[in-house]
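# With the sequence up front, the predicted model follows.
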Amino acid sequence: MNVNEFDFDLPERLIAQTPLADRTSSRLLTLNKATGDIGHERFTKLAELLNPGDTLILNDTRVMPARLLGVKADTGAKVELLLLKQLEGDRWETLAKPGKRLRAGVKLNFGDDGEGRPLLEAEIVAEGEQGARVVEFRYEGIFNELLDRLGEMPLPPYIKERLDDRERYQTVYAKHEGSAAAPTAGLHFTKEFLDELARKGVRIGYITLHVGLGTFRPMSVDTVEEHTMHAEYYELSEETAALLREAKAGGGRIVAVGTTSARTLETVAARYAYEELRACSGWTDIFIFPGYAFKLVDALLTNFHLPKSTLVMLVSALAGRSAIMRAYKEAVDREYRFFSFGDAMFIY
């Protein structure tokens with residue numbers, strides 16, 4: 001299957017640069033995966049599209065202020081690190097810019113203690129492909145406090161506008177810090193709207209998947225089957241496992257909020273039959289593309305994704321490639337807002 005089959009034309013003006021003032025005021029494109037019917041609603045219509053007994057699964061990961069701007073210790077040249085994954089101790093997997101100049105042994109400085117000394121030091125200890133670097137940090141104090149002080153939100157490169165409020169790149173239910181990007185389908189929810197869904201009888205559960213390198217690295221192969229996903233850490237609690245078992249046994253739909261939730265659910269479904277689902281954690285590199293048969297996910301709330309991305313392939317696996325391409329064309333024609341701060345799509 002050729003990667004170009006998942007390409008589409010997207011005018012740059014449709015890439016949302018800032019979040020809407022009200023999280024729930026975005027538009028919602030609906031796609032019936034059985035009939036192919038497309039509808040155009042407001043996000044709050046989701047309350048009518050979900051039924052009592054449906055189970056909504058949200059990713060409660062919290063984004064780290066993972067973008068560090070500093071200098072090379074020897075030359076003062078500007079550098080940038082994007083923290084992706086803690087390996088062990090103070091060693092982290094990162095994306096580094098400019099990668100070609102940051103070889104093993106190079107030392108980096110971040111921040112200033114007011115007396116000419118850096119608040120945070122790093123040394124490149126291993127090199128990978130496409131800017132991937134393993135770095136080891138040295139510092140005094142508590143690393144997370146320094147990161148909160150020195151780091152910036154790692155907004156995707158297609159967002160050029162400054163984000164004044166960091167919390168707008170977090171879901172309102174974000175809990176477990178560890179992501180290098182937000183699970184953006186969840187950005188549409190407010191606590192009040194979640195309460196409204198719960199009063200209706202929609203059950204709400206949480207999983208954790210820390211978004212990592214796979215979000216930032218484009219596909220570099222021509223055929224879909226050749227691509228390898230980067231592993232990301234996930235956790236499923238016993239409370240959510242029980243919700244999933246009950247949903248399947250009772251005939252309710254399992255609705256994943258975002259592709260990260262969908263990938264986590266399908267990962268645990270590969271480990272256990274639904275009757276035996278239990279608390280678990282681990283690393284997943286699951287790659288979902290057309291031909292995949294979903295085991296747990298019945299419906300998906302998601303944003304609109306980049307052309308030729310693994311995320312477009314995932315939604316195409318759920319609804320069919322032709323239906324997704326048709327829906328995306330209609331979204332472009334009707335000038336929906338795309339990507340992280342954009343509008344939503346409900347596939348059911």
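That came through fine.

# check contacts around Asp343.
Ala16, Ser26, Arg27, Leu28, Leu29, Phe43, Asn303, Phe304, Ala331, Tyr336, Arg337 (Cβ atoms under 8 Å, 6 or more residues apart in numbering). All C-beta atoms are positioned from the backbone trio N, CA, C, and that covers glycine.

# Surely the first one is in contact with Tyr336?
No - with contacts defined as Cβ atoms under 8 Å, Ala16 does not count as touching Tyr336, sitting 9.2 Å away.

# I'd like to know how many residues surround Leu49.
Residues near Leu49, counting by other Cβ atoms under 10 Å, number 16.

# same question, Gly252
20.

# for Thr75, same thing?
A count of neighbours around Thr75, defined by other Cβ under 10 Å, yields 10.

# helix/strand/coil for it?
Under DSSP: H, G, I helix; E, B strand; the rest coil, Thr75 falls in the coil class.

# tell me, which strand in this structure spans the most residues?
strand 78-88 (DSSP state E).

# Could you pull out the helices in this protein for me?
Ranges of helices within the chain are 46-49, 143-150, 191-200, 238-250, 259-271, 310-319, 321-333, based on DSSP state H.

# Could you point out which of those sits nearest Gly36?
Of all the helices of the chain, helix 321-333 sits nearest to Gly36, with 5.0 Å by Cβ to Cβ.

# rewinding a little: between the longest strand of the chain and helix 143-150, what angle do the directions make?
160 degrees (axes from the mean of the first three to the mean of the last three Cα atoms, to 10 degrees).

# follow-up on the earlier one: now tabulate the helices of the chain in JSON lines and tack on mean pLDDT and distance to Arg278.
As requested, the helices of the chain are exported to JSON lines (pLDDT from 0 to 100; distance: least, Cβ to Cβ, whole Å):
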{"stretch": "helix 46-49", "mean pLDDT": "98", "distance to Arg278": "29"}
{"stretch": "helix 143-150", "mean pLDDT": "96", "distance to Arg278": "30"}
{"stretch": "helix 191-200", "mean pLDDT": "98", "distance to Arg278": "24"}
{"stretch": "helix 238-250", "mean pLDDT": "97", "distance to Arg278": "5"}
{"stretch": "helix 259-271", "mean pLDDT": "98", "distance to Arg278": "9"}
{"stretch": "helix 310-319", "mean pLDDT": "97", "distance to Arg278": "25"}
{"stretch": "helix 321-333", "mean pLDDT": "98", "distance to Arg278": "33"}
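
# Just the CA trace of stretch 44-53, in CSV.
The C-alpha trace of stretch 44-53 is given here as CSV (Å, rounded to 0.1, in the frame of the first residue of the first chain):
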residue,chain,number,x,y,z
THR,A,44,-21.5,19.7,21.8
LYS,A,45,-23.6,17.6,19.5
LEU,A,46,-21.5,14.7,20.8
ALA,A,47,-23.8,14.6,23.8
GLU,A,48,-26.6,13.5,21.5
LEU,A,49,-24.4,11.1,19.5
LEU,A,50,-23.3,9.2,22.6
ASN,A,51,-25.7,6.8,24.2
PRO,A,52,-26.3,5.7,27.8
GLY,A,53,-24.0,2.7,28.4
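
# now what about it, what contacts it?
With Cβ under 8 Å, 6+ apart, stretch 44-53 has contacts from 24, 28, 30, 56, 193, 196-197, 200-203, 247, 250-253, 255, 301, 346, 348.
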